[in-house]
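>>> Below are the sequence and a predicted model for it; my questions follow.
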Amino acid sequence: MTGGPGGSPAAATVRERDALGAGALAGVFVQLKLSLLRNGLRQSSTRTAVFVTSLVFALLFAAGQLLGLILLRGNEHAVSVTVLLTGVLALGWAVLPLFFPGGDETLDPTRLVMLPLRPRPLVAALLTASLMGIGPLFALCLLLGSAFALAHGAVALLVSVLAVPLALLVCVALARAVAAANVRLLTSRKGRDLAVLSGLVIAIGAQLVNFGVQRLGESGGLSALEPAAGIIQWLPPAAAIGAIDSASEGAYGTALAQLALTAGALYGLLHPWQRSLTKLMTAPDGSTLAAAQESKARGERSSGQHRLLPDSRTGTVMRRSLRYVQRDPKTKAAWVSALAIGFIVPLFNAFQGSGSIYFTCFASGMLGVQMYNQFGQDTSAFWMVAQTIATTKDAYAELRARALALLLVTLPYTVVVTVIVAAVLDDWQALPSATGVALAVLGAMLGTGAISSARFPYSIPQDSAYKNVAPGQTGLAWMSVLGGMLAAAALCAPVIAATIWLHSTDGHAWLWSVLPFGALYGLLLGWAGLRLAAPMAARRLPEILTAVSKG
């Protein structure tokens, strides 16, 4: 007598074969992971040094976290800290595969489509292989420290033996499920753009952490975390850590429910992951056609946006510069990072009550840096630009158009950021002077950036998402950017001095005069910089082409 499909002898045979194959396949994948790591380290001494350095720093940080959690044992806020740390850990495991897809070659299951592998054993093998690496080791240290901080009694110790590996498996399965669901994106140009923007996420995260720490200090310390921890401890994998605390308190039913919730989350992650693997390894890849259609639509929209630019050399160069921002991953990452960080830093300082409206100069400075190394973004294609430059007048027109393209965004952006910060601080009286100083800084950055572009050009590698300077040109890049920024700050001294003098002599009624003074002074500095850079660029075209072609 046969049962339904799930209980038939054929289905039982398939399950037994999958179970036997999963163990053998897991061993193969572990060996594959080790081989990929070993062979990758053999490729270059630089990669080996980076890996060893990352490993040392990760272990030191993990050891510090482990020691801190051990010292937290017995503290009344231990459960709040450990539960929230586990929640942040899980969030990191979910997000990082989107920004660092190249960090693990086994994250892309489409490499295995030609092999006769069944989804269920493949999931088990990939999950096992994923437990090897710096990330899982760091997570294990944090989870062990959390368990030690919370476990009191034999039952809690037994619960922690189950909770720690369960929480680690949920983190790894979460990362794998996210990577498998987005593997088409991660292997496309959009995915490479996303990877380049990882620095922006880290910078924003650092600002949020800083803001959160300051708020905790103002609101009574760690006790302010208890409401959030009470919610997070029911969300896997933090629920597994919460189960240890529940068992320590004698609430065994609650501990069992939290463990069951975490186990259910693991089961719920493995099934979507398996479905994603099945789809990836059986469905055709139509991403190329979709990308082409999207690129065509984007090109049509871009043409409409650029129609307002003049039909001259200036308009052509401005269109090219703006298309770099839209399409080149490195240029796009630099612009988005500058826009976001330039807005977040003064705004967060304003919210904290310790900021000044003059912090908005940071926004104009971040965007002014984009003027530096203008020819580096052309890479070896700069030879086509060089063919159009025969005289100093041509070089001036080229640099002026690039500066105008940058001003199309930076000028309104600087004004908007200054107005928003003034509204947060309720300091409308200083708005004109702050805007004037910011515009002077922007003009100085444009002028010094044009000179640096002509005098200190360097190459931007296109084959690496994380290298912004070609080997051997790091000192040149630092000299270009840092020297130019210091020179710009010195050139703005008259506007800054006038603003300080008006504040110190109670001349607040005349602060409005800094706005036209700063705007005209910034315009003068930008024009002077372009005039000085033009003959230099026209004279050094071969040297510039050689410098920007090294990457």
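Done, it's in.

>>> When you work out contacts or count neighbours from here on, use the C-alpha atoms and nothing else.
OK.

>>> Any stretches of the stretch 451-551 of the chain with poor pLDDT?
Per-residue confidence for the stretch 451-551 of the chain (pLDDT under 70) gives these ranges: 462-474, 476, 551.

>>> Please repeat the previous calculation with a cut-off of 50.
By pLDDT under 50, the stretch 451-551 of the chain contains no weakly predicted segment.

>>> can you give me the strands in it?
For the stretch 451-551 of the chain, no strands are identified by DSSP state E, counting those that start in this stretch.

>>> quick one, helices of it?
With DSSP state H, counting those that start in this stretch as the criterion, the stretch 451-551 of the chain has helices at 474-491, 493-504, 514-539, 541-548.

>>> buried set for the second one?
Of the residues in helix 493-504, those buried by neighbour count under the rule 16 or more other CA atoms under 10 Å are V495, I496, A498, T499, L502.

>>> go on, the shortest one?
Across helix 541-548, burial judged by 16+ other CA under 10 Å covers L541, I544, L545, T546, A547, V548.

>>> how about the nearest residue to the first one, chain neighbours excluded?
This means L541. A386 (6.4 Å; CA to CA, 6 or more residues apart in numbering).

>>> picking that back up, Throw the helices of the stretch 451-551 of the chain into TSV and include distance to S45, thanks.
Shown next, in TSV, are the helices of the stretch 451-551 of the chain (distance: least, CA to CA, whole Å):
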stretch	distance to S45
helix 474-491	18
helix 493-504	46
helix 514-539	37
helix 541-548	25
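
>>> Out of these, which is closest to D328?
Nearest to D328, of all those, is helix 541-548, at 15.6 Å by CA to CA.

>>> residues making contact with that closest one?
For helix 541-548, the external contacting residues (CA atoms under 8 Å, 6 or more residues apart in numbering) are 375-380, 382-383, 386, 454, 457-460, 537.

>>> May I ask which of those residues has the most neighbours?
Among the contacts of helix 541-548, Y458 has the most neighbours (other CA atoms under 10 Å), with 32 neighbours.

>>> from memory that residue sits against M479, does it?
No. Taking contacts as CA atoms under 8 Å, Y458 lies outside contact range of M479: 10.7 Å.

>>> Find the residue closest to L169 in space, skipping its chain neighbours.
L169 sits nearest to L266 (CA to CA, 6+ apart), 7.2 Å away.

>>> SS state for the one you found?
With DSSP: H, G, I helix; E, B strand; the rest coil as the basis, L266 sits in helix.

>>> what sits against it?
L166, L169, V170, A173.

>>> Tell me how far it lies from L166.
8 Å (CA to CA, to the nearest Å).

>>> Just give the number of residues close to I241.
By other CA under 10 Å, 34 other residues sit near I241.

>>> Sticking with it, tell me its helix or strand.
Assigned by DSSP states H and E, I241 belongs to helix 238-248.

>>> Which elements pack onto that helix?
helix 78-99, helix 134-150, helix 154-181, helix 252-282 (3 or more CA pairs under 8 Å, 6 or more residues apart in numbering; DSSP states H and E).

>>> Let me know the average pLDDT across the third one.
Taken as a whole, helix 154-181 has an average pLDDT of 89.

>>> If you count neighbours, what's buried in it?
156-157, 159-160, 163-164, 166-181.

>>> Check stretch 504-512 too.
For stretch 504-512, by 16+ other CA under 10 Å, it's L511, W512.

>>> Make residue 1 into 12 and carry on from there
With 12 as the first residue, the last one maps to stretch 515-523.

>>> Any idea how far apart the tips of it sit?
15 Å.

>>> what about this protein, any weak spots by pLDDT?
Applying pLDDT under 50 to the chain flags residues 12-17, 20-25, 31, 113, 297-306, 308, 311, 313-315.

>>> D437: neighbour count?
14.

>>> How about L138?
By the criterion of other CA under 10 Å, L138 has 19 neighbours.

>>> Next, find the distance separating it from L43.
Taken as CA to CA, the span from L138 to L43 is 13 Å.

>>> With V428 instead?
Distance, V428 to L43, by CA to CA: 51 Å.

>>> Neighbour count for those two, which is higher?
Neighbour count, other CA under 10 Å: between V428 and L43, V428 has more, with 23 against 14.

>>> Show the backbone phi and psi for that one.
Per-residue torsions, V428: phi -60, psi -40 (degrees, to the nearest 10).

>>> gap between it and T342?
As defined by CA to CA, V428 lies at a distance of 22 Å from T342.

>>> who's in contact with D405?
Contacts of D405 (CA under 8 Å, 6+ apart): T399, A549.

>>> and S141, how many neighbours does it have?
22.

>>> Surely it touches V183?
Yes. Counting by CA under 8 Å, V183 is a contact partner of S141 at 6.7 Å.

>>> mind checking which of the helices and strands packed on helix 249-259 is nearest V328?
Relative to V328, the nearest member of the helices and strands packed on helix 249-259 by CA to CA is helix 89-110, separated by 31.8 Å.

>>> Test my guess that W245 contacts S257.
No. Counting by CA under 8 Å, W245 does not reach S257; the two are 11.4 Å apart.

>>> and the strand or helix carrying L453, what does it pack onto?
Element membership for L453, per DSSP H and E: helix 442-466. Identification of packing neighbours for helix 442-466 by 3+ CA pairs under 8 Å, 6+ apart yields helix 372-379, helix 403-436, helix 485-502, helix 504-515, helix 525-550.

>>> Could you export these as TSV, including distance to S348?
As requested, the helices and strands packed on helix 442-466 are arranged in TSV below (distance: least, CA to CA, whole Å):
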stretch	distance to S348
helix 372-379	9
helix 403-436	13
helix 485-502	16
helix 504-515	26
helix 525-550	23
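
>>> what's the angle between the helix or strand hosting R331 and helix 403-436?
Using DSSP H and E, the element containing R331 is helix 324-338. Helix 324-338 runs at 50 degrees relative to helix 403-436, counting by axes from the mean of the first three to the mean of the last three CA atoms, to 10 degrees.
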